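Novice: Prediction below, plus the sequence it came from.
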Amino acid sequence: MQDWERLTRQANRAFSNHAYSDAVDLNQKALLEAERSFDEDFYLDAESAVAAAAVSFLNIAESYTALGDFVSANTQFEKAVNFLQAIIARPDMDDEQRSLVMRTATHIRFEWELFTQSYSRALSAQSRALIQTLSNAVSIPSSMVRH
């Protein structure tokens, strides 16, 4: 947890200094650290382990939002929900742990809904542009097709 805390503090400083790309990188490193030690940390202190992962996902989303990359921010909310769904599917969780994960998932979904309401137009526009770019990349111009 100490590495996660250190990286998260560095990421928060970067964000405060408007170094949003650095904040994304540092928060991603913090998330990797939280995921790496999650199983061990979860059984020692479930609340801290779940909070560390959730905070990392939300911080990454916030940093991407500050960069204007709404598609990547949206993806972080989706990844956070998927991460929590994988945890809640574990058969060895007690009721208190399950409740903790459910509360956290509810909070993430609430934040995701706020994000979607605030940035839906920008998110749609970026999604359309991304799809168009991908479509153009996979289209083969007729001049390149051999007959």
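Specialist: Thanks, I have the structure now. None of the values given here were measured: they were computed from a predicted structure.

Novice: what's around residue 127, how many residues?
Specialist: Neighbours of residue 127 under the rule other Cβ atoms under 10 Å: 13. (C-beta placed from N, C-alpha, C; glycine too.)

Novice: Now the helix or strand where residue 43 lies: buried residues?
Specialist: Secondary-structure assignment from DSSP states H and E places residue 43 in helix 38-44. Buried residues in helix 38-44, counted by 16 or more other Cβ atoms under 10 Å: 38, 41-42.

Novice: can you redo those as a markdown table with distance to residue 2 and pLDDT?
Specialist: Output for these, formatted as a markdown table (distance: Cβ to Cβ, whole Å; pLDDT from 0 to 100):
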| residue | distance to residue 2 | pLDDT |
| --- | --- | --- |
| 38 | 15 | 94 |
| 41 | 11 | 93 |
| 42 | 17 | 92 |
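
Novice: Please convert these to a markdown table, extending it with distance to residue 69.
Specialist: Converted to a markdown table, the buried residues of helix 38-44 look like this (distance: Cβ to Cβ, whole Å):
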| residue | distance to residue 69 |
| --- | --- |
| 38 | 26 |
| 41 | 29 |
| 42 | 30 |
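
Novice: State the phi and psi torsions of the residue most central in space within the chain.
Specialist: The centroid of the chain falls nearest to residue 76 when counting by Cα atoms, centre = their mean (2.4 Å). Main-chain torsions, residue 76, degrees, to the nearest 10: phi -70, psi -40.

Novice: For it, list the residues it contacts.
Specialist: 57-58, 60-61, 64 (Cβ atoms under 8 Å, 6 or more residues apart in numbering).

Novice: Just give the closest residue to it, not the sequence neighbours.
Specialist: residue 61 (3.9 Å; Cβ to Cβ, 6 or more residues apart in numbering).
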